[in-house]
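Novice: sequence first, predicted model second:
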Number of protein chains: 2
Amino acid sequence: MKRSLGPRTLLHPTPVLAIGTYASDGQPNVMTASWAGICCSMPPCVAVSLRKATYSYGNIVQRKAFTVSLPTEDHVKHADYFGLTTGRGTDKFAGSGLTAVRSEKVDAPYVGEFPLVLECELLHTLEIGLHTLFVGEILNVLAEETVLTTEGMTDLKKLRPLVFQPDLQAYFGVGERLGHAFSIGEQL
Amino acid sequence: MKRSLGPRTLLHPTPVLAIGTYASDGQPNVMTASWAGICCSMPPCVAVSLRKATYSYGNIVQRKAFTVSLPTEDHVKHADYFGLTTGRGTDKFAGSGLTAVRSEKVDAPYVGEFPLVLECELLHTLEIGLHTLFVGEILNVLAEETVLTTEGMTDLKKLRPLVFQPDLQAYFGVGERLGHAFSIGEQL
């Protein structure tokens, strides 16, 4: 028997992403975002929603670019720190001890220590309510060799990405492999 | 040293969602979608991207509503089946043995056997490319008591949602709890 919980932002799994931008004075900034997901295959695009009040919001509007760096289980404290602090008057890269690396493809920095990075150019902006949805075209993906299979695919056991639990506000890891997609359903 | 993988739809974790809709003749349909994520806190909204070629696309455009039912580890074959087949000429509910339940809040059906359901009303439509992004306002969340904590929050250990691995096309589970959000970063 199902129970009504009312209107809630509840979806599992939800990602933990570090959004990298440059401010108007050129200072690199990074913030944590979880209201996000892939939103188109051709062109490859990612949707990231930010509040207008964030420093990163203005940076994306101005520079028309952002990066998505994926924190791993080793960087859960850094990922949380990027969400706890604001870039207004604070250099979050210096505060975290992590490195801002200039993207070669777009006008935005990424987190050098995070193993997977999407370099995105702003394609669409959709005002929804408290959040604004930015659609970024993924011009390139950068990955450390250490998180890839020999075939150049990402290996979740090596990458160990974070899962955000929105209603309990907790971080989880990814678990075991359950089966192959577009195939296991044929057994029904 | 990072390696360029080129433009790719690569983000981890990516969800596995069953999108429920009614066709113009009233037949319930359901399809699997992974290009999705929460996109606004107020009003609570979810973004789901579908190809125009899907049967569900036309259903959402016509009915201005959809549901999101969350499959669990017990239903990985059903979730995959919903992505393998088309609703054109096939009753996927009958084919899967699962139950179409009429939402009380919106003009769409959900999967009765899946423990977490978002009831969504279409708020925005954004054409991107191969995919169209639908923003649905979450009017209500329905949950089985068995997946909730005593405080009415979702318990990932009980819910056991699926994670889609886009480049290897595989399903994974969610792993261990790593820490509390908006708190563990203070230890930096």
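Specialist: Structure's in. What do you need? Numbering: from 1, shown residues only, chains lettered A, B, ... in the order given.
Novice: drop to CA atoms for contacts and neighbour counts, all remaining ones
Specialist: OK.
Novice: how about A:Phe172: what's its closest non-neighbour residue?
Specialist: Nearest residue to A:Phe172 in three dimensions, chain neighbours excluded: B:Arg177, at 4.2 Å (C-alpha to C-alpha, 6 or more residues apart in numbering or on different chains).
Novice: where's the one you found, which helix or strand?
Specialist: Using DSSP states H and E, B:Arg177 sits in strand B:170-180.
Novice: quick check: buried residues in that strand?
Specialist: Residues B:Ala170, B:Tyr171, B:Phe172, B:Gly173, B:Val174, B:Gly175, B:Arg177, B:Leu178, B:Gly179, B:His180 are the ones in strand B:170-180 that count as buried (16 or more other C-alpha atoms under 10 Å in any protein chain shown).
Novice: that strand versus strand A:170-180: what angle between them?
Specialist: Put simply, strand B:170-180 runs at 170 degrees to strand A:170-180, going by axes from the mean of the first three to the mean of the last three C-alpha atoms, to 10 degrees.
Novice: who does strand B:170-180 pair up with?
Specialist: strand A:170-180 (antiparallel), strand B:163-165 (antiparallel) (DSSP bridges).
Novice: nearest to B:Val61 among the ones you listed would be which one?
Specialist: Closest to B:Val61 of those is strand B:163-165 (C-alpha to C-alpha; 26.1 Å).
Novice: show me which positions of that closest one end up buried.
Specialist: Across strand B:163-165, burial judged by 16+ other C-alpha under 10 Å covers B:Val163, B:Phe164, B:Gln165.
Novice: same check, this time on stretch A:181-188
Specialist: So stretch A:181-188, judged by 16+ other C-alpha under 10 Å, has buried residues A:Ala181, A:Phe182, A:Ile184, A:Gly185.
Novice: go on, stretch A:44-55?
Specialist: Buried residues in stretch A:44-55, counted by 16+ other C-alpha under 10 Å: A:Pro44, A:Cys45, A:Val46, A:Ala47, A:Val48, A:Ser49, A:Leu50, A:Arg51, A:Tyr55.
Novice: A:Thr72 reaches A:Leu162, doesn't it?
Specialist: Yes: under the criterion of C-alpha atoms under 8 Å, A:Thr72 makes contact with A:Leu162 at 5.8 Å.
Novice: report the separation between the closest residue to A:Pro7 other than its chain neighbours and A:Gln165.
Specialist: Leaving aside its chain neighbours, A:Pro7 sits nearest to B:Asn140 (4.2 Å; criterion: C-alpha to C-alpha, 6+ apart). Distance of B:Asn140 to A:Gln165, computed by C-alpha to C-alpha, to the nearest Å: 18 Å.
Novice: circling back: so how far is B:Ile138 from the residue nearest to A:Phe172?
Specialist: Distance of B:Arg177 to B:Ile138, given as C-alpha to C-alpha: 27 Å.
Novice: what does A:His75 give?
Specialist: Distance, A:His75 to B:Ile138, by C-alpha to C-alpha: 32 Å.
Novice: the more surrounded of these two?
Specialist: More neighbours surround B:Ile138 than the other of A:His75 and B:Ile138, with 31 against 16 (other C-alpha atoms under 10 Å in any protein chain shown).
Novice: residues touching that one, list them.
Specialist: The contact partners of B:Ile138, taken as C-alpha atoms under 8 Å, 6 or more residues apart in numbering or on different chains, are A:Pro7, A:Arg8, A:Thr9, B:Pro43, B:Pro44, B:Cys45, B:Val46, B:Leu118, B:Glu119, B:Cys120, B:Glu121.
Novice: fine by me, thanks again.
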